[in-house]
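K.L.:
just the structure for this:
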Amino acid sequence: RNCPHARAVAKTDDNVFLDMHTLLDLLEERKLPENTIACGSGTPHRNMKTLRSEGPHMPGNWSTTKEELEADIMPDFCCGFLYLTTPRVGAALVQAGLVLYGDTEVVQIEDSLITGVLRERLPGVYM
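P.N.:
Numbering: from 1, shown residues only. Reported below is the predicted structural model:
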């Protein structure tokens with residue numbers, strides 16, 4: 001609604017300097033396929049074992065309980081400082097999150113949550 005001509009949306013970490021001119025030039029050269037999430041810092045993590053912790057010795061943000069994610073293998077996901085997608089896929093990811101979690105606070109790392117768990121719920125969206 002606010003940016004009807006936007007061709008891409010991006011998620012980046014708050015401690016990253018992003019060269020917007022270079023990013024926009026790259027998006028002009030390489031069109032972002034409609035049903036894609038592009039990992040900005042390399043290839044997606046694939047077939048990664050879900051990290052579990054029984055105690056506080058494991059870094060909390062990277063540890064996932066069975067209640068949070070039942071699968072022993074994480075959905076494929078982008079990890080890093082940047083990922084890009086189309087506005088349509090971005091909006092669909094938000095809706096998938098609302099359906100799946102509603103008002104529940106989620107503590108899972110956002111990279112694996114957004115580009116993995118939520119993306120899996122969108123048929124035909126690939127990395």
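K.L.:
any buried residues in the helix-or-strand element of the chain with minimal mean pLDDT, and which?
P.N.:
Of all helical and strand segments in the chain, the minimum by mean pLDDT, DSSP states H and E falls on helix 110-112, at a mean of 87. Under the neighbour-count criterion of 16 or more other CB atoms under 10 Å, helix 110-112 has 111, 112 buried. C-beta here means a position set from N, CA and C on the backbone, and glycine is covered the same way.
K.L.:
centre of the chain to it, how far?
P.N.:
5 Å (CA atoms, centre = their mean, to the nearest Å).
K.L.:
how far is the helix or strand just after it from where the chain is centred?
P.N.:
Using DSSP states H and E, the helix or strand that follows helix 110-112 towards the C-terminus is helix 119-120. From the chain centre to the centre of helix 119-120 is a distance of 9 Å (CA atoms, centre = their mean).
K.L.:
and if you look at stretch 64-72?
P.N.:
Using CA atoms, centre = their mean, the offset of stretch 64-72 from its chain centre is 17 Å.
K.L.:
so residue 84 makes contact with residue 7?
P.N.:
No - here residue 84 lies out of contact with residue 7, judged by CB atoms under 8 Å, at a distance of 9.8 Å.
K.L.:
between these two, who's got more neighbours?
P.N.:
residue 84 (22 against 13; other CB atoms under 10 Å).
K.L.:
let me see the contact set for that one.
P.N.:
8, 9, 10, 27, 32, 37, 38, 40 (CB atoms under 8 Å, 6 or more residues apart in numbering).
K.L.:
out of these, who's the most crowded?
P.N.:
residue 37 (27 neighbours).
K.L.:
quick one: name whatever helix or strand follows the helix or strand that residue falls within.
P.N.:
Taking DSSP H and E as the criterion, residue 37 maps to strand 37-39. Next helix or strand after strand 37-39 toward the C-terminus (DSSP H and E): strand 82-85.
K.L.:
listing partners with orientation, what would you give for that next one?
P.N.:
Paired strands of strand 82-85, with direction, are strand 9-12 (antiparallel), strand 37-39 (antiparallel) (DSSP bridges).
K.L.:
give me the neighbour count for residue 63.
P.N.:
Residue 63 has 19 nearby residues by other CB under 10 Å.
K.L.:
fine by me, thanks again.
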